[in-house]
Each structure stands twice: as structure tokens, then as C-alpha cells.
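A.B. asks: generate a structure from the sequence data that follows.
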Amino acid sequence: METKKGNAAKRQSLLQSGTLNKSAAKVVDSKFKNMAFFDPDDILQVKYEMLRSNQKDGIGVQKASKIYGFSRITFYKNEKAFKKSGLAGLLPRRKGPRRAHKLSGEIMEFVSRLVEQKPDIKSAELVEKIKDRFSLSVHRRSIERAIDRSKKKQ
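C.D. replies: Residues are numbered from 1 along each chain as shown. Below you'll find the model as predicted:
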């Protein structure tokens with residue numbers, strides 16, 4: 001069995017990598033309670049064992065989901081991701097938008113024109129001008145990042 005210090009170090013590592021199971025207490029499979037190898041804090045291991053128990057041990061989806069602390073919907077999402085990408089598909093994904101979805105080409109052209117006309121314009125002023133022109137609320141930092149990206153492209 002791991003020492004408390006070793007376990008704390010592993011938990012910290014899992015937290016930093018984004019693979020810490022925040023619902024470890026919901027895992028009730030006896031393997032995760034009685035064997036040192038199985039760690040309910042490791043979300044990747046728990047997801048894999050849930051899928052394996054269904055495929056190899058014949059445990060039903062509903063029961064497997066419950067034993068490993070997930071919903072049936074999550075089971076099916078994980079199953080699909082695993083079939084598509086293997087273990088990498090079970091890694092947690094960052095939540096939220098993956099790109100600057102509000103700042104369309106039209107808006108960025110508008111911003112570019114404003115920056116050309118007034119190079120020292122503040123992002124807070126750009127936020128207001130976008131809101132007036134497009135009735136769109138955009139965070140000033142999003143505009144700053146979009147401007148930086150457009151400068152890198154040039």
C-alpha cells in the first residue's frame with residue numbers, strides 16, 4: 001500500500017495533469033477498495049475499468065456506470081471516445097469554447113480598421129465600439145488576444 005505522502009504526491013500529479021477524479025468516493029468497485037494497483041483518484045483508470053467491465057465481464061451499462069460513479073450518458077460518451085481514439089479518448093477535455101467564436105472576420109476587420117486609425121486605442125474602448133456597432137458583448141482580453149494572433153499571422 002502507498003504511504004500517505006506518496007498518495008498525496010500522486011493526487012497532486014493527477015490534479016496538475018487534469019486526470020484527478022473529483023468523484024472518487026462514488027467508485028464502489030471492490031478492486032478500487034481492496035487492491036493497491038487500482039486508484040479511484042485516477043479518472044483514466046476508472047473510465048477504462050468501467051468500459052472493460054462492460055465489455056469483458058458482461059456487466060450491464062447501468063450497473064457499470066453506477067459502480068464506477070458515472071451516469072449512463074457519460075458511459076456512452078466514454079465508450080464512443082474510446083472506440084475512436086483509444087485511451088487518449090478517455091482523457092478529460094478542456095471545457096468551453098476552443099476558439100474565439102464571437103470575433104468573426106467582420107468584427108476583426110472592424111477592429112483592425114479602428115486600430116489602424118488610432119494605434120493607441122485601448123481594448124476597453126474597442127469593447128464599447130463593438131457593443132455599439134454589433135450589439136455584442138466581448139471581453140477586452142479576448143480582443144487583445146485576437147489582435148495578438150492577427151499580428152503573428154502578418
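
A.B. asks: which residues in the chain form helices?
C.D. replies: Taking DSSP state H, the helices of the chain run over residues 4-17, 30-34, 43-55, 61-67, 72-85, 105-117, 123-134, 140-153.

A.B. asks: outside of the last one itself, list whatever touches it.
C.D. replies: When you say that, I think you mean helix 140-153. 100, 102-103, 108, 111-112, 115, 123-124, 126-127, 130 (Cβ atoms under 8 Å, 6 or more residues apart in numbering). Using the backbone N, CA and C atoms, a C-beta is placed for each residue, glycine as well.

A.B. asks: now that helix: mean pLDDT?
C.D. replies: Averaging pLDDT along helix 140-153 yields 87.

A.B. asks: got the buried residues for that helix?
C.D. replies: 142-143, 146-147 (16 or more other Cβ atoms under 10 Å).

A.B. asks: ok, of the contacts of helix 140-153, which come out buried?
C.D. replies: 102-103, 108, 111, 115, 123, 126-127, 130.

A.B. asks: now these as JSON lines including distance to Asp39 and pLDDT?
C.D. replies: Formatted as JSON lines, those follow (distance: Cβ to Cβ, whole Å; pLDDT from 0 to 100):
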{"residue": "Lys102", "distance to Asp39": "40", "pLDDT": "84"}
{"residue": "Leu103", "distance to Asp39": "42", "pLDDT": "87"}
{"residue": "Met108", "distance to Asp39": "46", "pLDDT": "91"}
{"residue": "Val111", "distance to Asp39": "48", "pLDDT": "93"}
{"residue": "Val115", "distance to Asp39": "51", "pLDDT": "92"}
{"residue": "Ser123", "distance to Asp39": "45", "pLDDT": "92"}
{"residue": "Leu126", "distance to Asp39": "48", "pLDDT": "95"}
{"residue": "Val127", "distance to Asp39": "46", "pLDDT": "94"}
{"residue": "Ile130", "distance to Asp39": "48", "pLDDT": "95"}
